[in-house]
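Student: Any chance you could fold what I've pasted below:
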Amino acid sequence: MEGSKSEASAGEAREEIIYTSVKFSQTPPLKAKAAQEKRAPSLWPAVVPGLAIGFGILSISLAIALIWKMNDSHPRCPEQWVAYRGSCYSFSKQKKDWRSSQESCWAQGAHLLVISDTSEMDLFKSIQTGCFWIGLRNSTGSGWIWEDGSIFNGTKVLSNSPVQHCVVLMKDYFQASSCEFSAPWICEKSLR
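Tutor: From the prediction side, this is the model:
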């Protein structure tokens, strides 16, 4: 019986079930907690206001640069000058000889009027009533040449005398005149 008793207690031990309970805490395991502590704290909340200010300054700077560029991209004529098709025109109120009129235009970064086509001629016919020095001259007796060096090939220049080497623009025509005659003048320069 002794043998069967030891077999019975061995059998009972095998059939015995062991229960255990495990409680999980709310803290992360030690390895995960150590990894979190090694990571840098989140800077996002501190960076957002700085980014907002930076983007604001950048936006204002770009807007100012754009406005400044737009002002430069729209060329303007100086005060008292008339703009037409890429040029600025000034009508003097003073009277001078042809050479002095030319020098007055040069002093303003301009030149005496050079009429390049019929539409420009039509403009000046419509807006002026007197006579004005223009940049047309016959200094060599070989023909009429504009101040920019181009050859005059428009309507005829009316002349009363062989000593008339400069031209005034009348309402409807070109009139040769002595270059010493005092008249107002028209200056022209490109828009900038």
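
Student: Only C-alpha atoms from now on, for both contacts and neighbour counts.
Tutor: Fine.

Student: And stretch 163-177, what's buried?
Tutor: 164-171, 174-177 (16 or more other C-alpha atoms under 10 Å).

Student: swap that for stretch 140-157, please
Tutor: Buried residues in stretch 140-157, counted by 16+ other C-alpha under 10 Å: 144-147, 152.

Student: What about those, which are in strands?
Tutor: 145-146 (DSSP state E).

Student: V157: what's it in contact with?
Tutor: V157 makes contact with 167, 173-176 under the criterion C-alpha atoms under 8 Å, 6 or more residues apart in numbering.

Student: and with 7 Å instead?
Tutor: By C-alpha atoms under 7 Å, 6 or more residues apart in numbering, the contact set of V157 is 174-176.

Student: Please confirm that K125 is located within a strand.
Tutor: No. Secondary structure assignment (DSSP: H, G, I helix; E, B strand; the rest coil) places K125 in helix, not in a strand.

Student: Mind pulling up the pLDDT for the nearest residue to it once chain neighbours are set aside?
Tutor: Distance criterion C-alpha to C-alpha, 6 or more residues apart in numbering; nearest residue to K125, sequence neighbours excluded, is K171 at 5.1 Å. K171 is assigned 79 on the pLDDT scale.

Student: isn't I145 right next to G135, touching?
Tutor: No. Using C-alpha atoms under 7 Å, I145 is not in contact with G135, being 8.3 Å away.

Student: A helix includes S100, no?
Tutor: Yes. Residue state for S100 (three-state DSSP) corresponds to a helix.

Student: and it, how many residues sit next to it?
Tutor: S100 sits with 15 neighbouring residues when counted by other C-alpha atoms under 10 Å.

Student: circling back to that earlier point, out of the buried residues of stretch 163-177, which one has the lowest pLDDT?
Tutor: Checking pLDDT across the buried residues of stretch 163-177, the minimum falls on K171 at 79.

Student: Could you report the distance from S90 to C187?
Tutor: Between S90 and C187 the distance is 5 Å, computed by C-alpha to C-alpha, to the nearest Å.

Student: Show me which of the two is the more surrounded one.
Tutor: Neighbour totals were compared for S90 and C187, and C187 leads with 26 against 22 (other C-alpha under 10 Å).
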